[in-house]
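1. Provided below are the primary sequence and the corresponding predicted coordinates.
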Amino acid sequence: MRKMLVIAVREYQAAVRTKTFIISLVIIPVMMLGSLVLQLLLRGVSMDTADKHFVLLKHRDTDALVKHLQEEINIYNTKDVLGSSGQQIKPRFVIDRVEETAATSDSRDRQRFDLSEQVRAGTIVGFLEIIPDGDLPASFKEIEKDQKKVPILLRYQTNRPTYKEFSTFVKDTLAKHMRNQLRDQAGLSEQQALALFRPVALDPKGLSRIDPDSGKIVDASKEGQFAPVIVPIVLMMLLFLVVMMTATPFMQSVVEEKMQRIAEVLLGSVTPFELMLGKVIGMAGVSLTIAAVYLGGAYWAAWHFGVADLVPAGLLVWFVVLQSLASLMYGSLFIAIGAACTDMKETQNLLMPVMLVVCIPFFFMGPVLQEPNSALARGLSFVPFAAPMLMMARIATPPGLPWWEPTLALLVVLATTILCVWAAGRIFRIGILMQGKGARLGQIFKWVIRG
Amino acid sequence: MPAVAIDHVSKAFANILAVNDLCLEVPDGTIYGFIGPNGSGKTTTLRMIMRILHPDRGHIRVLGEETMGAANDRVGYLPEERGLYKQMKVRDLLRFYAELKGFRACQPAIADWLERLGLADWANKKIETLSKGMAQKVQFIASVIAKPELILLDEPFTGLDPVNLEVLRNAILDLNRQGATVIFSTHDMAVAEKMCDFIFMIYKGKKVLDGTLEAIQNAYGTDTVRVRLDGASSALGNLPGVAGVVDFGNWQELRINPGSDTNQLLAALLARGPVHHFELARPTLHDIFVRIANPEPNHA
């Protein structure tokens, strides 16, 4: 045990006393926050203000709509594309031409293909069809069934589906126009129409609570509604991030120790198992340090803005426990891979199956967060390699879990960790002195089974 | 009780038998030299004594213990392949190795060793700034810092200049005088002859020599004649009673057949030209090594 601790302390110090560690510790949140801030700053600034060209395909009985749309586009192009300083900040919409829709189905397909070719050639961004009620295609029946009756269908074809400015503009403009027509037909005033089309508002809230200082009931805050969604995701991501931030450098250090022949010197003083376990414990220490810095920072920020109660202390204790076990479990696998390889290139091949295992929780993150007490979520959170992250997410999602569930998951993770450390110890013992060529996956399994 | 007792030990790697049914006893308090050609099994034997490798067959007792898999704090080990953490400072590194051996109050000993091996000024420098010879001395200190009772040194003198070699040799002799048993492997036969109480030679995994230098040389008898002649190569062909000749340039060694008449040999040499030196001698360790590892001598 003493030797393991000596190794762990050295590994810990070697990892945290480097400039790289401190820089990466700071740079990751800075980059994450920075990208958010940058996105906010760039939200109002469209980098590309070049005109966007479109073609309109006009069906029968849509002349009035097309005309109205063109008028609204003209207004948009003269007013809405300008920023507060009067400079153009958005591209203008340019309707190159309005074509009559072909009469037959075949000729219509040809017309659409020709326009698609123009989109592919970059001449236009897309083309829009305004299809009236009577011309709705058979394939639209399904949509119609869901949305009841639609007055018109907007068919918009493009190879740039992420650019939604134009389609959204057309949809909103024509919807407003048709609402106004209905209002006029019904002879309603502006106020009556607004009341008629006003949507029902939903104000999602968290739970009310009693302020421990004043003893008064405090209404649920807006933050209280977001916390149950954000906190589990943040904790799960943090757990993954911290394991990845520490496991990979430790694996690299094992490969380097092999290449620089340090391993044999160490094996003159400690057994391979002590050496490996010391490294894994050191790694767990580093990961806890990173987690403490990030969680501490986040908790301080939460306290500063008066929402610290959204992250209960019990949750942090669970995080520390699951984080430690996850580091030991995944860390032992990474370190065993390092011991079985003779250079960093070889580790890439062996890492693939381990990375797949580590990423399992993310494949199921959505359903688990949506229904944390479903049979699927419950079952998955007891699967060894998925348990730390998924159980963390479930614990953090209200209304919480019965005590036995995280306890059982903890025991599963603990047993898996012991198994992983044992297996990794066997791989490490044989692999660490091996020079020349790295081991294959099959060979590694043999080492584990035969010892 | 011997410091190391190896009893019918064998070790194979894949299909290669690295050590074959080896028996050896290293008496307590002695200096034991392991010699043998490259790949003969020296390092494998040392690694098995250290329990870094486990024998396939047989038993090894180290300082009376036969515990498998536990690194012994009473044993110091300098492996053949040198490797140190390049980013660590010399003093921190030595403290780390001392603590691994359970030697916590190690600072005075570290200072003493650094002073003794001329590294005091480098105590707070990183390993990466040291020369190869300095790093080797640091590694030697790391292996002996915890005052081990048994010291295993795999090729400790390789790559050292004569001054550093002398420093390291004196350090090893001091440790031995203080009671430590020392086992070291070497290719330098002169060093082995001068330092070792016992010499063990392994060849193709099997023990071929084991004993004191005196005993080994006695086993071979006085079968060597050292001579210095003019035009050596041409003068040494077809001499009576000579089994082999090794020409070192300035002087030559003749291995004579048992029972050969050395006076007759001297007369034959004198008949071919002036003889500046003629000496009857026992074979050197180097000569014995070469005879075993390369049984075909160079004939002049």
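-> Okay, I see it.

2. Now whichever residue of the stretch 151-300 of chain B sits closest to chain A: phi and psi?
-> Of all residues in the stretch 151-300 of chain B, residue B:152 sits closest to chain A, at 8.0 Å by CB to the nearest CB. In this view, the C-beta of every residue, glycine as well, is placed from N, C-alpha and C. Note on residue B:152: its backbone torsions stand at phi -110, psi 120 [degrees, to the nearest 10].

3. what residues are up against it?
-> Taking CB atoms under 8 Å, 6 or more residues apart in numbering or on different chains, we find residue B:152 in contact with B:46, B:49, B:50, B:75, B:76, B:77, B:78, B:183, B:184.

4. which of those come close to chain A?
-> B:50, B:75, B:76, B:77, B:78 (CB under 8 Å from any CB of the partner chain).

5. can you count the residues close to the last one?
-> By the other CB atoms under 10 Å in any protein chain shown criterion, the neighbourhood of residue B:78 contains 22 residues.

6. Could you do the first one as well?
-> Neighbour count for residue B:50, taken as other CB under 10 Å: 23.

7. Is the closest residue to it other than its chain neighbours in a helix, a strand, or coil?
-> Distances taken as CB to CB, 6 or more residues apart in numbering or on different chains place residue B:77 nearest to residue B:50, at 5.1 Å, with adjacent residues excluded. Following DSSP: H, G, I helix; E, B strand; the rest coil, the label given to residue B:77 is strand.

8. Beta-bridge partners for residue B:77, please?
-> Beta bridges link residue B:77 to residue B:152 when assigned by DSSP bridges.

9. if I pick it, what's in contact with it?
-> Counting by CB under 8 Å, 6+ apart, the residues that residue B:77 touches are A:265, A:268, A:269, B:46, B:50, B:143, B:151, B:152, B:153, B:154.

10. Which members of the residues you listed occur in strands, if any?
-> Among those, the members found in strands (DSSP state E) are B:151, B:152, B:153, B:154.

11. how about the residues you listed in JSON lines, adding pLDDT?
-> Rendered in JSON lines, the data for those read as follows (pLDDT from 0 to 100):
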{"residue": "B:151", "pLDDT": "91"}
{"residue": "B:152", "pLDDT": "91"}
{"residue": "B:153", "pLDDT": "91"}
{"residue": "B:154", "pLDDT": "89"}
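
12. In those residues, find the pair that's most separated.
-> The distance between the two most remote of the ones in strands among the contacts of residue B:77 (CB to CB) is 11.0 Å, for B:151 and B:154.

13. Quickly list what's touching both of those two.
-> B:77, B:78, B:184.

14. Redo the residues you listed as CSV? Include pLDDT and distance to residue B:121.
-> Shown next, in CSV, are those (pLDDT from 0 to 100; distance: CB to CB, whole Å):
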residue, pLDDT, distance to residue B:121
B:77, 88, 27
B:78, 88, 23
B:184, 91, 28
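
15. Return the residues in contact with the spatially closest residue to residue B:132 that is not a sequence neighbour.
-> The spatial neighbour of residue B:132 that comes closest, neighbours along the chain excluded (CB to CB, 6+ apart), is residue B:159 at 6.1 Å. By CB under 8 Å, 6+ apart, the residues touching residue B:159 are B:132, B:133, B:136.

16. Do a quick rundown of the strands in the stretch 151-300 of chain B.
-> For the stretch 151-300 of chain B, applying DSSP state E, counting those that start in this stretch gives strands covering B:181-185, B:198-203, B:206-211, B:224-229, B:242-247, B:252-256, B:275-281.

17. Tell me which of those is the most buried.
-> The highest average neighbour count among the strands of the stretch 151-300 of chain B, using mean count of other CB atoms under 10 Å in any protein chain shown, belongs to strand B:181-185 at a mean of 25.

18. what residues does that one touch?
-> Here strand B:181-185 makes contact (CB under 8 Å, 6+ apart) with B:3-4, B:26-36, B:42-43, B:46, B:49, B:80, B:149-156, B:172, B:175-176.

19. Check the burial of residue B:5 by counting its neighbours.
-> 17.

20. buried set for the helix or strand harbouring it?
-> Element membership for residue B:5 (DSSP states H and E) is strand B:4-13. Using 16 or more other CB atoms under 10 Å in any protein chain shown as the test for burial, strand B:4-13 gives B:4, B:5, B:6, B:7, B:9, B:11.

21. Could you report the neighbour count for the nearest residue to the fifth one once chain neighbours are set aside?
-> In space, residue B:9 comes closest to residue B:58 once its chain neighbours are excluded; the distance is 3.4 Å by CB to CB, 6+ apart. Burial of residue B:58 is recorded as 16 neighbouring residues (other CB under 10 Å).

22. from what I can see residue B:58 touches residue B:10, true?
-> Yes - at 6.0 Å, residue B:58 and residue B:10 qualify as touching, with contact defined as CB atoms under 8 Å.

23. Could you tell me which residues touch both of these two?
-> What both residue B:58 and residue B:10 touch, as defined by CB under 8 Å, 6+ apart, is the set B:21, B:22.
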